[in-house]
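Student: Sequence below, structure please.
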Amino acid sequence: ALALEHDGHSFSYAQLNAQANRLAHHLQQQGVARGACVAILLARSAELVVAQVLGAQNEKEKNTTEVCGTSAYPGLVTGTVRILHANDVQRSRELRSSFQKGDILVTEMTQPNVMDIAARAGALVTDEGSLLSHAAIVARELKIPCIVNTSLATKVLQDGDLVEVDANSGVVRILEKFNH
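Tutor: Numbers count the residues shown, from 1 in each chain. Now for the predicted structure:
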């Protein structure tokens, strides 16, 4: 039986349920208690969102190898993490000259003043946001993968980490930690 149709793609209840189970399993592996996750089907975007439980302990954050969020624009890319904290003017200046095409921009939220950096990104990953946030809209305009509402990407990921951004399922996987 057809559960949802979006952009010419059909999704069965089994497909949506399988995605929900994968995300719930991932969160349980990260120490989230069974039953603490909320699954929400966004009917207008064919996306299944599993809300993360906030307040992960620092030690857990250090050992985390994946971060989940809401997929705002699909795609699958691999790249180097470049952290930009919101309103960090000095870091913005640095990234304007050092940010390479294909780097992964990780920030609490995007703002109009970093559009030149975002335009070179292989993907956008934010701690905050929704499908209507600045990052989500920019990603759709630029057609680059985007995951918003991760809650802790800027805490778990480090500048220089090699990551896979799977914006088809809303997961960022650390492939190789950068040794500072």
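Student: Pretty sure residue 73 sits against residue 141.
Tutor: No - using Cβ atoms under 8 Å as the test, residue 73 is too far from residue 141 to be in contact (9.2 Å). All C-beta spots, glycine's among them, are computed from the backbone N, C-alpha and C.
Student: Those two: which has the busier surroundings?
Tutor: When residue 73 and residue 141 are compared for neighbours, residue 73 comes out ahead with 22 against 12, by other Cβ atoms under 10 Å.
Student: looking at the chain, which helix or strand is least sure?
Tutor: Counting by mean pLDDT, DSSP states H and E, the weakest-scoring helix or strand in the chain turns out to be strand 47-51, with a mean of 41.
Student: Could you list the low-confidence segments of this structure?
Tutor: 1-29, 32-62, 180 (pLDDT under 70).
Student: Paired strands for the longest strand along it, with orientation please.
Tutor: Residue-count comparison of every strand in the chain, with assignments taken from DSSP state E, identifies strand 76-83 as the longest. Sheet pairing for strand 76-83, assigned by DSSP bridges, gives strand 104-107 (parallel), strand 162-166 (antiparallel).
Student: buried residues in the helix or strand following it?
Tutor: Elements were assigned by DSSP states H and E; along the chain past strand 76-83, the next helix or strand is helix 89-98. Neighbour-count burial for helix 89-98, counted by 16 or more other Cβ atoms under 10 Å, picks out 91-92, 95.
Student: Also stretch 110-121?
Tutor: In terms of neighbour count (16+ other Cβ under 10 Å), stretch 110-121 has its buried residues at 110-111, 114, 117-118, 120-121.
Student: Contacts for stretch 150-166 next, please.
Tutor: Contacts to stretch 150-166, defined as Cβ atoms under 8 Å, 6 or more residues apart in numbering, come from residues 52, 54, 56, 61-62, 64, 67-69, 75-83, 85, 104, 106-108, 122-123, 125-127, 145, 147, 172-178, 180.
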